[in-house]
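K.L.:
A predicted structure for the sequence below; I have some questions about it.
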Amino acid sequence: MEKVISDKTKSGHSLFYHLRNNNWLYRVISVLLALGLWYMTGREDVIDKTIVVPIELLNLPRDLVIASQFKRNIDITVSGPKLAIEKMNSGSVTRQVSLANAQPGTFVINNDTDSVSAPRGISVLRVQPASILLSIDKLAQKYFPVVPVTKGEVAAGFQLNSLTIEPDGISISGPETVLSQIKELRTKVIDLSGLKESKQSQVPLDLTPDIVNLIGDTSVTANIKVSAKTVEKAVSGVEVELVLNGKKQKVSPARADLLLRVPQDIAKKGVDLHKLINLTAVVNPDGETANLTATSKGDNGLKIEVIGIFPATVRLLSPPPKPPGDGQAAEHNSGKATPARGGDSSSPKR
């Protein structure tokens, strides 16, 4: 018996010695340690996490449109390897919804754990919200005029000539039920208070939230034309002095009457209009008559409009002699304009 035990002991020692000398023991231990480490590491990588997944709407018919705001993301709780979930969280997964069979009305998107196709090795545990409602409507296009909204009055002595908007209308595409409730687009309030000159400015439109969702915050250009109020004023007995080739010429009639349009405040102040205008004459080709024109004198900053001159033509009492056979010379000289100075006559009552 002792011999048998002794033989087995020797055999075990021999096997251990053989394994040790051939590095098999170390190899087995290394494999066992690697398996244990892999098992522990794999267990640590498995996590539960809630991530946001975008909703992707597909195949919506061209004649339909989504008419309401809706939740564009869902929250899903998943379980799986950490690295795989982080990759999934980067936006590589979406909740796809086909709208190929959608009709005008309410469309319900039902969300469950089978709604999202998760990568292999990842389980979907929960999905929130469980359902999403879409309002589907017919797609329409409509043209809306843009109407300016104003407040206040221009400064005293001035008038608003025009207020135009560019563009004066806008075409909008969107849900039929939304567009049917609107007749026009209005601007935010344009303040005209105390305005004394023309101006151009950008004005935002006063839009409802539904229209803002379709075209965004939109502005238009307001062109405001303002001018001083004017009145017609007659100026009588303006003496005409015509100087031709350095010599004073007598004309008939010797005086002319003017009809002017002047700023209202100038007329009220009783300003002598003779001092604000110039008369000039252009000799006609016949050398015997001249046409009269009137302009505002100097750069006085006043806008004076000449409505008429009476008479418009005067006759030279002593016309210069024409060179014999030189009609062209007379015609050449007729194009020269010479100033005529107004007299001191007071303005007549109309």
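P.N.:
Looks like it came in fine. If you're wondering where the values come from, they're calculated on a predicted model, not measured in any experiment.

K.L.:
now the helices for the stretch 51-200 of the chain?
P.N.:
Read by DSSP state H, counting those that start in this stretch, the stretch 51-200 of the chain holds these helices, from start to end of the chain: 82-87, 176-179.

K.L.:
among those helices, which is the most enclosed?
P.N.:
Mean neighbour count (mean count of other Cβ atoms under 10 Å) peaks for helix 176-179 among the helices of the stretch 51-200 of the chain, with a mean of 17. No exception for glycine: its C-beta is placed from N, CA and C like everyone else's.

K.L.:
which residues are contacting it?
P.N.:
Ala67, Asp137, Lys138, Leu139, Ala140, Gln141, Lys142, Ile172, Asp210, Ile211, Leu214 (Cβ atoms under 8 Å, 6 or more residues apart in numbering).

K.L.:
again, only using 7 Å
P.N.:
The contact list for helix 176-179, computed with Cβ atoms under 7 Å, 6 or more residues apart in numbering, reads Ala67, Asp137, Lys138, Ala140, Lys142, Ile172, Asp210.

K.L.:
rewinding a little: the helices of the stretch 51-200 of the chain: lowest mean pLDDT?
P.N.:
Mean pLDDT values for the helices of the stretch 51-200 of the chain show the minimum at helix 82-87, a mean of 80.

K.L.:
what residues does that helix touch?
P.N.:
With Cβ under 7 Å, 6+ apart, helix 82-87 has contacts from Asp45, Ile47, Lys49, Val78, Pro119, Gly121, Ile122.

K.L.:
buried subset of those as a ChimeraX selection?
P.N.:
Buried subset of the contacts of helix 82-87, written as a ChimeraX selection, criterion 16 or more other Cβ atoms under 10 Å:
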select :49,78,122
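
K.L.:
pLDDT added to the contacts of helix 82-87, as a markdown table?
P.N.:
Listed next are the contacts of helix 82-87 as a markdown table, based on pLDDT from 0 to 100:
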| residue | pLDDT |
| --- | --- |
| Asp45 | 69 |
| Ile47 | 86 |
| Lys49 | 88 |
| Val78 | 90 |
| Pro119 | 82 |
| Gly121 | 83 |
| Ile122 | 87 |
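
K.L.:
narrow the contacts of helix 82-87 to those in strands?
P.N.:
Using DSSP state E, the members of the contacts of helix 82-87 that fall within strands are Ile47, Lys49, Val78.

K.L.:
quick check: the second one touching Ile76?
P.N.:
No - taking Cβ atoms under 7 Å as the contact criterion, Lys49 and Ile76 are not neighbours in contact, 9.5 Å apart.

K.L.:
longest single strand anywhere in the chain?
P.N.:
Longest strand in the chain, counting by DSSP E: strand 131-151.

K.L.:
other SSEs contacting that one?
P.N.:
When contacts are defined as 3 or more Cβ pairs under 7 Å, 6 or more residues apart in numbering; DSSP states H and E, strand 131-151 packs onto strand 64-66, strand 105-110, strand 158-166, strand 169-175, helix 176-179, strand 185-191.

K.L.:
name all residues that make contact with Ala118.
P.N.:
Here Ala118 is in contact with Val78, Met88, Val93, Val124 (Cβ under 7 Å, 6+ apart).

K.L.:
ok, now how distant is the second one from Lys199?
P.N.:
Taking Cβ to Cβ, to the nearest Å as the measure, Met88 falls 57 Å from Lys199.

K.L.:
same thing with the third one?
P.N.:
Relative to Lys199, Val93 is positioned 55 Å away (Cβ to Cβ).

K.L.:
quick one: low-confidence parts of the stretch 1-150 of the chain?
P.N.:
For the stretch 1-150 of the chain, the stretches with pLDDT under 70 are 1-26, 36-45, 89-91.

K.L.:
if we use 80, what do you get?
P.N.:
1-45, 86-92 (pLDDT under 80).

K.L.:
from memory Leu214 sits against Gly174, does it?
P.N.:
Yes - with contact defined as Cβ under 7 Å, Leu214 reaches Gly174; the gap is 4.3 Å.

K.L.:
neighbour count for these two, which is higher?
P.N.:
The residue with more neighbours, out of Leu214 and Gly174, is Gly174; 20 against 16, by other Cβ atoms under 10 Å.

K.L.:
okay, and the beta partners of that one?
P.N.:
Beta-bridge partners for Gly174, by DSSP bridges, are Ala140.

K.L.:
distance from the chain centre to stretch 53-60, please.
P.N.:
Relative to its chain's centre, stretch 53-60 lies at 31 Å (Cα atoms, centre = their mean, to the nearest Å).

K.L.:
typed the wrong thing, it's stretch 86-101
P.N.:
Centroid displacement of stretch 86-101 relative to its chain, using Cα atoms, centre = their mean, is 35 Å.

K.L.:
distance between the ends of that stretch?
P.N.:
By Cα to Cα, to the nearest Å, the extent of stretch 86-101 from end to end equals 35 Å.
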